[in-house]
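Visitor: The following comprises the amino acid sequence and a computationally predicted model.
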Amino acid sequence: MTFTIWFSLLLICLLGAMSPGPSLAMVAKHSLAGGRKNGLATAWAHAFGIGLYALFTILGLAILLHQFPFIFKLLTYAGAAYLAWLGLNAIQSKGGIAERLESGKTCSVVQSAKEGFYISILSPKIAIFFTALFSQFVAVSTETSSKVIIVLTPFIVDGLWYSFITFMLSSQVLLATLRSKAHWIDRLSGVVLIALAIRVALMV
């Protein structure tokens, strides 16, 4: 793999990670409600899911989904349903930032990691990203070393970006202000999640 091709891959992965969506909402929720450890667990579990998608693409996921469109539809509907469920819970502050802050409930690092992993592995946006854009890098990279780079690049970029978000949100300077707006953050993220779910379902 040439440096130019890798740099293009790096930019695409960075832009994908930086785009607002349910992943950002999930990392923010656990960073604010649980603290830095929970945020980092969410971030790197999410990155692990991203790495799995990259690996599956290497192993022929894109070809499989193009040959069997119904698999892609099932994956998309499952992801849309999960996003809608997260959105409804957020609007009602069930398991969201506000509920945890007011009730004193804590979320284990393991639970934070699970939710981070699920939001990445069930996200239709990520599935579309890898099948539509990422597969082109697989086609031009036949060496084993190149394939390893293709898997590690999105994993590391995603983990580092959301770790950065976690450190920002767990800063004492911002924490008090953000926590005072917990209900609004829950409701706003819930509306965004439901809107994304509807949009994804209509696109199938």
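Guide: Sure, I can see it.

Visitor: OK, contacts around the residue nearest the centre of the chain?
Guide: By C-alpha atoms, centre = their mean, the mean C-alpha position of the chain lies nearest to Ser23, the distance being 3.5 Å. Going by C-beta atoms under 8 Å, 6 or more residues apart in numbering, Ser23 touches Ala17, His46, Ile119, Ser120, Ser123, Tyr162. Every residue, glycine included, has its C-beta placed from N, CA and C.

Visitor: got the contact list for the third one?
Guide: Spelled out, that is Ile119. Pro22, Ser23, Met26, His46, Gly49, Tyr82, Leu86.

Visitor: doesn't Leu193 make contact with the last one?
Guide: Yes - proximity of Leu86 to Leu193 meets the contact threshold set by C-beta atoms under 8 Å, at 5.1 Å.

Visitor: what do those two both touch?
Guide: Pro22.

Visitor: Could you report the separation of the nearest residue to Ser163 once chain neighbours are set aside from Leu24?
Guide: Leaving aside its sequence neighbours, Ser163 sits nearest to Ala43 (C-beta to C-beta, 6 or more residues apart in numbering; 5.0 Å). Relative to Leu24, Ala43 is positioned 10 Å away (criterion: C-beta to C-beta, to the nearest Å).

Visitor: Thanks a lot, see you next time.
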